[in-house]
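Asks: A predicted structure for the sequence below; I have some questions about it.
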Amino acid sequence: MDIKLCKISKQFEGKQVLTDFDATFMEGQIHCLMGASGIGKTTVINLLMGLIKPDGGAIKGLRGRRIAAVFQEDRLIEHWDAVENVLLVCDKHVKKETVLQEFAKVGLTENMDKAVMNLSGGMRRRVAVIRALLAESDLIVMDEPFKGLDQALKISVVNYIKLRLADKTAIIVTHDKEDVQLLDASLITMF
Amino acid sequence: MRQPNNRELIKKYGVKIMAVCFWLLLWQLLSVYVKEAIFMASPVEVLFTLLPMLREPDFWQTICFSFIRIVAGFVLAIVTGTILAVLAYRSFIFKELIQPIIIIMKSIPVASFIILALIWIKAVNLSTLVSFLMVLPIIFTTVGEGLKSTDQKLLQMATVFHVGRIKRLRAIYIPAVLPHYISAITIGLGFCWKAGIAAEVIGIPTGSIGERLYEAKIFFMTKELFAWTVVIVLISILFEKLVMRLIKAFWQ
């Protein structure tokens, strides 16, 4: 079932962020959400995750969905290691060995037993991406998942995302038009 | 974490031992200056008063009597204070309801508590109640602050990923509350011993440390007074170390 945002409006402390915003996210497809800074991309993501409620309008097609997310900030448990962070959100059948294998696919092979506070920004970002992709879900939202990654790492993460997403619906906020092509995504531009 | 080497250990503990020696020496000099043991017993006199006491079964029974009652009040305050803090964190109405009582508990002088409590309950249970009443507001306030300081963004993450209550507690709440909890327990431990023994001195329950202190005071047994005070300080310090070790062991 497609997810539809119909005439969504939202304001924060008197500042109107979204006005009559419409968008359709088709089932099983990857969508890239683009637009200038401050246009409301993160607000759309937060609305989809149910973290905030719209002032007006309706969101259809979300009921019963399990959502996984890569937040704008990594939102990792700082004193836990990378594997523990991923296992926190996974079902019981996901084992440590599986997580380590998945880490290796995006070049995360060293320091995985250290608290994530000791990892570099790029490593933390990849941990956050893997956490979202290994969690049980049927909708994945990602807010700038490639932030802090160099081109080579970005390509490997893009390929990994495409592989893991399979037929899941995904909404990815990005600033880079290249990401749309790399992900074979449909583009939704916010004005 | 890196283990300290021998040199660092000697430096750390050497300084601590020297600091204790400095204060013992100052105490000794002061007692020499005062001259009269009835006003100021020297550390050596206190030691020689304390050593024979250690061989008496009565001494250990007295310690057990006070320890069990004061610690019972302390443990009860930790459990109740934590439950109340969690309820207040979850319900604004409950917070507003409980807040005036906590403020009153914080403001009432210990002596008033003790005298009032003596009207209501037997002297034998007085130290439990007083230690409970002294520690409860500290635990409530500090745990409440810890809960308020919980990272809201991590809680949002946990909500989005449907992280269960136990996992949420272990990953987000306990790390946020633990430093506050440790400081509350440290402060609470000091308070519970001070207030508990004060309650015993006023209520004079038979077989308590407070009773021994009271007897030492009325019979001008200054050396015994100092000796029992040293015992109280030692129990308080040892108990604090034990509690801290238990918390760390449990958390790790």
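Replies: Perfect, I can see it now. Numbers count the residues shown, from 1 in each chain, chains lettered A, B, ... in the order given.
Asks: Provide the secondary structure category for the residue most central in space within chain A.
Replies: When C-alpha atoms, centre = their mean is applied to chain A, the residue found nearest the centroid is A:Met142 (1.6 Å). The three-state label given to A:Met142 by DSSP: H, G, I helix; E, B strand; the rest coil is strand.
Asks: contacting residues around it?
Replies: A:Ala69, A:Val70, A:Val129, A:Ala132, A:Ile161, A:Ala170, A:Ile171, A:Ile172, A:Val173 (C-beta atoms under 8 Å, 6 or more residues apart in numbering or on different chains). C-beta coordinates here come from the backbone N, C-alpha and C atoms, glycine included.
Asks: if you set the cut-off to 7 Å instead, what comes out?
Replies: By C-beta atoms under 7 Å, 6 or more residues apart in numbering or on different chains, the contact set of A:Met142 is A:Val70, A:Ala132, A:Ala170, A:Ile172, A:Val173.
Asks: Same check on A:Val116?
Replies: The neighbours of A:Val116, taking C-beta under 7 Å, 6+ apart as the test, are A:Leu76, A:Glu78, A:Trp80, A:Asp81, A:Ala82, A:Asn85, A:Arg124, A:Val127.
Asks: what would those residues look like in CSV with neighbour count and distance to B:Ala77?
Replies: Shown next, in CSV, are the contacts of A:Val116 (neighbours: other C-beta atoms under 10 Å in any protein chain shown; distance: C-beta to C-beta, whole Å):
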residue, neighbour count, distance to B:Ala77
A:Leu76, 25, 35
A:Glu78, 16, 31
A:Trp80, 18, 31
A:Asp81, 19, 36
A:Ala82, 26, 39
A:Asn85, 23, 35
A:Arg124, 21, 40
A:Val127, 24, 41
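Asks: Nearest residue to A:Met123 in space, ignoring adjacent ones along the chain?
Replies: A:Leu108 (6.2 Å; C-beta to C-beta, 6 or more residues apart in numbering or on different chains).
Asks: For burial, what's the neighbour tally of that neighbour?
Replies: Residues within reach of A:Leu108, counting by other C-beta atoms under 10 Å in any protein chain shown, total 20.
Asks: Quick check: phi and psi at it.
Replies: Taking degrees, to the nearest 10, you get phi -90, psi 90 for the backbone angles of A:Leu108.
Asks: pretty sure it is touching A:Arg124, no?
Replies: No. Using C-beta atoms under 7 Å, A:Leu108 is not in contact with A:Arg124, being 10.1 Å away.
Asks: Would you check which pair of the contacts of A:Met142 lies furthest apart?
Replies: A:Ala132 and A:Val173 (13.0 Å; C-beta to C-beta).
Asks: OK, contacts around the closest residue to A:Gly35 other than its chain neighbours?
Replies: Leaving aside its sequence neighbours, A:Gly35 sits nearest to A:Met190 (C-beta to C-beta, 6+ apart; 3.2 Å). With contacts taken as C-beta under 7 Å, 6+ apart, A:Met190 has the following neighbours: A:Leu33, A:Gly35, A:Ile39, A:Gly40, A:Lys41.
Asks: Please spell out the PyMOL selection for the buried subset of those residues.
Replies: Buried members of the contacts of A:Met190, defined by 16 or more other C-beta atoms under 10 Å in any protein chain shown, are picked up in PyMOL with:
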select buried, chain A and resi 33+39+40+41
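Asks: Which strand residues bridge the residue nearest to the centre of chain A?
Replies: For A:Met142, the beta-bridge partners under DSSP bridges are A:Val70, A:Ile172.
Asks: That one and chain B, how far apart?
Replies: 12 Å (C-beta to the nearest C-beta, to the nearest Å).
Asks: now A:Met117
Replies: A:Met117 is 12 Å from chain B, by C-beta to the nearest C-beta.
Asks: okay, now that residue: neighbour count?
Replies: A:Met117: 11 neighbours (other C-beta under 10 Å).
Asks: My read is that it contacts A:Glu78, right?
Replies: Yes. Between A:Met117 and A:Glu78 there is a contact at 4.2 Å, judged by C-beta under 7 Å.
Asks: Pull up the overlap in contacts between the two.
Replies: Counting by C-beta under 7 Å, 6+ apart, nothing touches both A:Met117 and A:Glu78.
Asks: Domain map for chain B?
Replies: Listed domain ranges for chain B are B:1-35, B:41-251 (source: automatic domain parsing).
Asks: Of all those domains, which one comes closest to A:Gly61?
Replies: domain B:41-251 (17.1 Å).
Asks: next one: that closest one to chain centre, how far?
Replies: Put simply, domain B:41-251 sits 4 Å off its chain's centre (C-alpha atoms, centre = their mean, to the nearest Å).
Asks: Also stretch A:82-91?
Replies: With C-alpha atoms, centre = their mean, you get 16 Å for stretch A:82-91.
Asks: And the contacts of that stretch?
Replies: Against stretch A:82-91 from outside (C-beta under 7 Å, 6+ apart): A:76-77, A:94, A:96, A:99-100, A:103, A:108, A:112, A:116, A:119, A:127, A:130-131, A:134-136, B:161, B:163, B:167, B:171.
Asks: could you pull out the strands for chain B?
Replies: With DSSP state E as the criterion, chain B has no strands.
Asks: before we move on, the earlier item: can you redo the contacts of A:Met190 as JSON lines with pLDDT and secondary structure?
Replies: Output for these, formatted as JSON lines (pLDDT from 0 to 100; DSSP: H, G, I helix; E, B strand; the rest coil):
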{"residue": "A:Leu33", "pLDDT": "93", "secondary structure": "strand"}
{"residue": "A:Gly35", "pLDDT": "90", "secondary structure": "strand"}
{"residue": "A:Ile39", "pLDDT": "89", "secondary structure": "coil"}
{"residue": "A:Gly40", "pLDDT": "90", "secondary structure": "coil"}
{"residue": "A:Lys41", "pLDDT": "91", "secondary structure": "helix"}
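Asks: residues in chain A within reach of chain B, list them.
Replies: Residues of chain A lying close to chain B (C-beta under 7 Å from any C-beta of the partner chain) are A:49, A:51, A:66-69, A:71, A:73, A:75, A:77, A:79-80, A:88-89, A:135.
Asks: try it again with 6 Å
Replies: A:Met49, A:Leu51, A:Ile67, A:Ala69, A:Arg75, A:Ile77, A:Leu88, A:Val89, A:Ala135 (C-beta under 6 Å from any C-beta of the partner chain).
Asks: quick one on the thing from earlier: could you look over the domains of chain B and pick the most buried one?
Replies: Of all the domains of chain B, domain B:41-251 carries the top mean neighbour count, a mean of 17, counting by mean count of other C-beta atoms under 10 Å in any protein chain shown.
Asks: Can you confirm whether it lies near chain A?
Replies: Yes. Residues of domain B:41-251 contacting chain A under C-beta under 6 Å from any C-beta: B:Lys153, B:Leu154, B:Gln156, B:Met157, B:Val160, B:Phe161, B:Lys167, B:Ala171.
Asks: Mind checking the pLDDT average for that domain?
Replies: Averaged over domain B:41-251, pLDDT sits at 91.
Asks: Please look at B:Gly203 and B:Ala123 and confirm they touch.
Replies: Yes. In terms of C-beta atoms under 6 Å, B:Gly203 counts as a neighbour of B:Ala123; the distance is 3.6 Å.
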